[in-house]
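Trainee: Below: sequence and its predicted model.
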Amino acid sequence: MQWVWCGGTHGLRDTRGAPPLIGFFLSGSGRRVVFMGDDTWEGLFPKKFFRSYFFPSFNVKDLHTVDDGILQHLYPTVDSGEWDVLIAHFLGVDHCGHKHGPDHPEMAKKLTQMNEMLRSLVDHLGNDTLLLVAGDHGMTETGDHGGDSEKEVNAALFVYSRTPLFGSGPPEEPETIPQVNLVPTVALLLGVPIPYSNIGEVMADMFAGDGDTVSAALQQLSVYHINAKQVDRFLQSYSLVAQDLPAEQLQHLQELFSSAVEEHTQLLTQVQGTMVPPELEPRLGSLISRFQHYLREARAVCTQSWARFHPPRMVGGCILIASSCLLCYMASELAMSSQSFCHSCLLYPLFWGPVGAAVLWLVHVFTQEGLDLLLVSSWAAAVSQLGFFWHWWGQHFKRRLRAWLGLAFPMGILFFRCGAMFSDSFVVAEARVTPFLLASLVMLLVGKLHWDGRLTVPEGPKQQLLGFSSYRREIWYLLCLVAMLLVCVRLSSFFHQCREEIPQCRPSVFLSPLASLRNTRAKNLFYLLCVALLAGLVYAVQSWLRHYGNLNSSGPLVLFVRWGFPLVVLCIACYWAVASSADDSLGKLQELVQVAVVVFPRAVYGLASVGLLLLLCNPMTVFAKDTRESAGSIVTPYLGVPGSEVDFLHVIPQIYKRMQESQKSWLERGSCRATIAAYGLGSVYSAALVIALTLLGFLLMLLHSERLSFAFLLLFVEAFVLLHIHTLTLIALIPVGEPFSVPWYAVISWLLAASQFFYSTGHQPIFPAIHWNAAFVGFHLDHNTNLLPAVLVGANTFASHILFAVGCPLLLLWPFVCEMSNSQRKKLKKESREELQEVEEHMMEMRLRESPEEFSTALLRLGLKYLFVLGAQLLACVCAAMILRRHLMVWKVFAPKFLFESLGFVVSSICLLLGISLVMRVDCAVSSWFSQLQLR
């Protein structure tokens with residue numbers, strides 16, 4: 001019998017790739033296997049096929065290349081007869097689902113094409129040919145897959161043969177079968193041995209034939225006997241090698257198999273040919289049921305055993321993460337301590353760490369168990385950190401206890417979020433819970449300030465008569481900022497992606513590209529709004545830089561900000577215009593459009609790379625103006641006709657005017673020394689970060705669909721509002737606070753905003769929600785390596801993590817940038833001009849230059865606090881996945897959340913390091929600038 005497998009249109013239950021039987025056919029069965037379709041098979045089975053026709057499959061926007069290639073070779077190959085197994089892996093329906101969704105007219109066209117293909121293929125089949133139509137997965141309502149929802153793992157299996165296979169008509173309710181059941185079924189139908197590692201159950205209905213009921217039962221009993229012997233042989237040999245199957249369950253399975261085989265032998269001795277005595281007919285059905293019971297029990301035992309976990313290593317991993325978080329917290333506190341205390345504390349981990357490792361090693365020696373390096377290292381780290389923590393706690397018990405009580409509400413929000421990671425309902429609804437926690441944290445902050453009396457001025461007789469007048473004027477500005485934050489949080493919920501656990505949810509329309517819109521007027525309107533948003537972002541950034549004097553110089557970076565930013569916007573706008581055009585309306589311009597779709601994104605990549613390179617090479621955006629008098633000539637030469645009277649009339653007025661200006665200048669300045677005016681020096685650190693964030697924002701918006709640029713606008717506005725709330729709270733309302741310290745509530749709110757916009761940019765911690773289209777922005781053909789598409793998809797997925805981690809140093813810098821608008825303006829009424837000049841010499845971010853050690857320490861503390869919050873969230877996800885590893889939703893909810901949180905932790909840590917490194921690079925450039933200034 002020959003076998004034709006047509007895949008790519010639907011799926012089976014619990015589908016996980018190609019059928020395991022394929023590997024058996026290719027490994028040495030002697031069968032001629034012909035393949036055509038998805039070139040992924042070439043990597044799975046290189047040079048294994050008798051004949052193959054591979055076509056590029058990675059571009060999900062390509063609906064026709066693979067299918068058309070298969071149809072070109074399918075019918076000639078079937079008619080030739082030079083094959084035993086023919087596999088045709090179609091991809092058009094799969095790609096159409098990713099690109100358009102299951103309800104698009106293009107999907108109807110592809111399904112019609114597949115229907116016509118099957119209709120024609122049936123006419124070419126011989127009497128000894130078996131046709132199977134199935135696939136490797138299903139499809140959600142959005143056309144995605146990769147999860148374990150019913151629509152993703154369940155679909156139809158179509159089996160056809162000209163020779164009758166079934167003894168009766170199809171059942172009213174189709175039976176649901178695991179995919180592994182295909183392995184023994186197809187093997188026996190083709191007359192080859194069942195593969196050694198099979199644990200599937202044969203589909204007995206396909207062996208009934210067209211005979212009577214007794215003959216069908218005898219045939220089914222025979223195939224069940226063969227199937228059971230194969231599974232028993234596998235379990236016996238596997239248990240001798242792996243020894244991970246429970247002994248009592250193996251014994252129970254062996255008893256089931258022995259009793260069924262013994263009864264089968266007795267039954268065959270009483271059967272003569274196909275003649276079965278009437279009294280033995282009920283025993284046939286009973287024996288078939290016993291074989292079925294054994295096979296299903298065996299599969300259940302293997303499935304349960306192969307989902308193996310290593311609890312000691314899991315605990316060791318959790319201990320490593322917990323000790324790292326504890327180290328980050330203690331180091332952030334010890335950074336302000338004396339060096340002698342730090343040195344004494346460092347002796348404890350150096351002593352207790354090896355002691356803990358030695359004790360654990362002795363335990364392993366006496367228990368005669370193998371030494372696990374991971375367990376030794378984790379316990380050593382835990383013991384060393386406990387000694388470190390104990391000494392630190394004993395030295396600062398009372399002060400630390402008061403400080404921890406003051407951190408109750410921000411840490412309470414953080415620990416509530418971490419504790420809720422153990423609830424699958426919270427993880428499913430986290431897109432709505434995280435914005436609520438962020439808004440709650442800010443509202444609690446305002447309430448705490450009011451409770452502590454920070455929002456009111458000391459009461460006098462007049463203030464007691466007017467209750468509302470006793471509040472500070474800054475409270476109204478703070479309330480406006482809080483209202484803006486709540487509006488941003490509310491608007492961000494319009495850009496959500498849905499999980500299949502919430503059936504009433506509908507994905508945001510902003511997630512789909514403009515090309516999916518059929519209304520031309522709406523498409524043009526959205527396009528103009530998106531381009532206007534980009535132009536507005538450039539205008540806002542340039543206005544901010546111009547306001548603080550960072551656009552006055554003529555350096556390469558400033559010139560790039562002036563002219564390069566609009567050019568980047570132009571390239572993005574052109575790409576959006578070309579990508580949103582209909583494919584069938586371009587006609588002869590189709591080839592030009594295909595080139596433009598690649599050229600414009602690469603132009604954006606190149607311009608952004610140039611901008612980032614200029615930022616690293618020379619991040620200074622300062623314009624220096626020398627106000628000292630020049631030593632040039634007092635009199636300009638006369639260029640007219642020479643003559644004594646003319647020369648005299650020309651020189652005398654210039655001499656008089658010069659003397660008048662010099663005397664006036666001397667009277668105004670007195671003995672004040674000459675100075676150099678530096679424009680933009682007070683915001684030089686923040687300017688570099690703002691430029692870097694703008695460039696990264698352009699790149700990340702390019703990787704998303706056009707209308708998600710509105711979500712990025714909300715991201716930047718909300719970050720701006722959070723910075724001003726933090727600044728107003730730290731400077732205006734809490735003047736006694738440490739200027740070089742970032743409070744915990746600011747760090748936690750910053751990270752909550754990063755998590756909020758992970759969901760508000762159309763993502764979810766599930767694999768079907770990954771935007772795979774980002775891998776092809778700027779690349780029309782397949783990639784030569786997997787690294788570049790992985791970077792593009794990762795940048796798309798963790799866009800909010802990247803932006804907030806790089807911008808984290810702004811939490812330290814922003815209060816200094818906004819310093820002049822608060823405290824310095826109040827001094828204008830009380831101080832003279834000379835005193836104000838002395839104050840302005842150390843204004844804004846240049847205050848950081850007065851204490852370089854405190855500046856570096858503050859950056860270190862901020863980074864450690866950020867890592868602590870990230871680590872706490874990761875620790876919660878790890879513990880949830882470990883404790884709930886037997887939970888029904890572990891692979892659907894907790895494990896994907898753990899994977900996404902781990903990748904987000906890595907991305908955030910790297911980007912945080914890059915952001916702090918950029919600030920240190922600017923600091924080095926400022927030092928060099930001052931050194932050159934002193935040499936003048």
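Mentor: It's in.

Trainee: How about residue 745: what's its closest non-neighbour residue?
Mentor: Excluding the flanking residues, the one nearest residue 745 by C-beta to C-beta, 6 or more residues apart in numbering is residue 410, at 4.0 Å. Any C-beta I mention is one placed from the backbone N, CA and C, and that applies to glycine too.

Trainee: Can you tell me the number of residues neighbouring residue 779?
Mentor: 18 (other C-beta atoms under 10 Å).

Trainee: and it, that one's in a strand?
Mentor: No: counting by DSSP: H, G, I helix; E, B strand; the rest coil, residue 779 is not part of a strand but coil.

Trainee: Figure out the helix or strand that the closest residue in space to it that isn't next to it in sequence lives in.
Mentor: Distances taken as C-beta to C-beta, 6+ apart put residue 598 closest to residue 779, at 6.7 Å, once the chain neighbours are dropped. Using DSSP states H and E, residue 598 maps to helix 590-617.

Trainee: Quick one: name whatever helix or strand follows that helix.
Mentor: Following helix 590-617 toward the C-terminus (DSSP H and E): strand 623-626.

Trainee: Packing partners of that following strand?
Mentor: Other elements packing on strand 623-626 under the criterion 3 or more C-beta pairs under 8 Å, 6 or more residues apart in numbering; DSSP states H and E are strand 676-679.

Trainee: Return the distance of the helix holding residue 598 from the chain's centre.
Mentor: In terms of C-alpha atoms, centre = their mean, to the nearest Å, the centre of helix 590-617 is set 23 Å apart from its chain centre.

Trainee: how close does residue 847 get to residue 817?
Mentor: Look at residue 847 and residue 817: by C-beta to C-beta, to the nearest Å, they are 11 Å apart.

Trainee: I misspoke; the intended subject was residue 82.
Mentor: On the measure of C-beta to C-beta, residue 82 and residue 817 end up 75 Å apart.

Trainee: quick one on the thing from earlier: what's the residue nearest to residue 779 in contact with, if anything?
Mentor: Residues counted as contacts of residue 598 (C-beta atoms under 8 Å, 6 or more residues apart in numbering) are 778-780.

Trainee: Nearest to residue 293 among these?
Mentor: Ranked by distance to residue 293 (C-beta to C-beta), those are led by residue 779 at 53.5 Å.

Trainee: Tell me, how many residues neighbour residue 107?
Mentor: 20.

Trainee: who touches the closest residue in space to it that isn't next to it in sequence in this structure?
Mentor: Excluding the flanking residues, the one nearest residue 107 by C-beta to C-beta, 6+ apart is residue 96, at 5.0 Å. Applying C-beta under 8 Å, 6+ apart to residue 96 gives the contacts 63, 104, 106-107, 110, 143.

Trainee: And residue 760, by the same measure?
Mentor: Contacts of residue 760 by C-beta under 8 Å, 6+ apart are 431, 492-493, 495-496, 711, 714-715, 800.

Trainee: Pretty sure residue 809 sits against residue 914.
Mentor: No: the pair residue 809 / residue 914 is not scored as a contact, 10.4 Å apart, by C-beta atoms under 8 Å.

Trainee: Between these two, which is the more surrounded one?
Mentor: Neighbours around residue 809 and residue 914, counted as other C-beta under 10 Å, are more numerous at residue 809. The numbers are 27 against 14.

Trainee: Against residue 869, how distant is that one?
Mentor: Counting by C-beta to C-beta - residue 809 and residue 869 are separated by 15 Å.

Trainee: Is residue 127 in a helix, a strand, or coil?
Mentor: Assignment for residue 127 (three-state DSSP): coil.

Trainee: pretty sure it is touching residue 164, no?
Mentor: No: judged on C-beta under 8 Å, residue 127 makes no contact with residue 164 at a distance of 10.5 Å.

Trainee: Do you have the helices of the stretch 1-150 of the chain handy? List them.
Mentor: For the stretch 1-150 of the chain, the helices defined by DSSP state H, counting those that start in this stretch cover 21-28, 40-44, 65-80, 92-99, 105-124, 150-153.

Trainee: An error on my part: the question was meant for the stretch 401-550 of the chain.
Mentor: Applying DSSP H, counting those that start in this stretch to the stretch 401-550 of the chain gives helices spanning 408-420, 424-428, 430-451, 461-465, 474-492, 520-547.

Trainee: For the second one, list every residue counted as buried.
Mentor: In this case it means helix 424-428. Using 16 or more other C-beta atoms under 10 Å as the test for burial, helix 424-428 gives 424, 426-428.

Trainee: CA atoms only: put that helix into CSV for me.
Mentor: C-alpha atoms of helix 424-428 as CSV (Å, rounded to 0.1, in the frame of the first residue of the first chain):
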residue,chain,number,x,y,z
ASP,A,424,-3.7,31.7,37.0
SER,A,425,-6.7,34.1,36.9
PHE,A,426,-4.3,37.0,37.8
VAL,A,427,-1.8,36.0,35.1
VAL,A,428,-4.6,35.8,32.5
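
Trainee: Please compute how far that helix lies from its chain's middle.
Mentor: Mean-position distance between helix 424-428 and its chain equals 18 Å (C-alpha atoms, centre = their mean).

Trainee: Contacts for it next, please.
Mentor: Defining contact as C-beta under 8 Å, 6+ apart, one finds that helix 424-428 is touched by 420-421, 433, 499, 501-502, 765, 887, 889, 893-894, 897.

Trainee: as a whole number, average confidence for that helix?
Mentor: Helix 424-428 shows a mean pLDDT of 88.

Trainee: cool, the fourth one as well?
Mentor: Helix 461-465 shows an average pLDDT of 49 in the prediction.

Trainee: same check, this time on the last one
Mentor: Mean pLDDT, helix 520-547: 93.

Trainee: continuing past that helix, what's the next helix or strand?
Mentor: Later in the chain than helix 520-547, the nearest helix or strand by DSSP H and E is helix 556-559.

Trainee: tell me the angle of the following helix or strand past that following helix relative to helix 590-617?
Mentor: Moving toward the C-terminus from helix 556-559, the next helix or strand (DSSP H and E) is helix 565-579. Going by axes from the mean of the first three to the mean of the last three C-alpha atoms, to 10 degrees, helix 565-579 is angled at 150 degrees with respect to helix 590-617.

Trainee: For helix 565-579, which outside residues touch it?
Mentor: 513-515, 527, 530-531, 534-535, 538, 541-542, 593, 596-597, 600-601, 603-604, 607-608, 611, 694-695, 698, 701-702, 706.

Trainee: Can you flag the buried ones in those residues?
Mentor: Among the contacts of helix 565-579, those classed as buried by 16+ other C-beta under 10 Å are 513-515, 527, 530-531, 534, 538, 541-542, 596-597, 600-601, 603-604, 607-608, 611, 694-695, 698, 701-702, 706.
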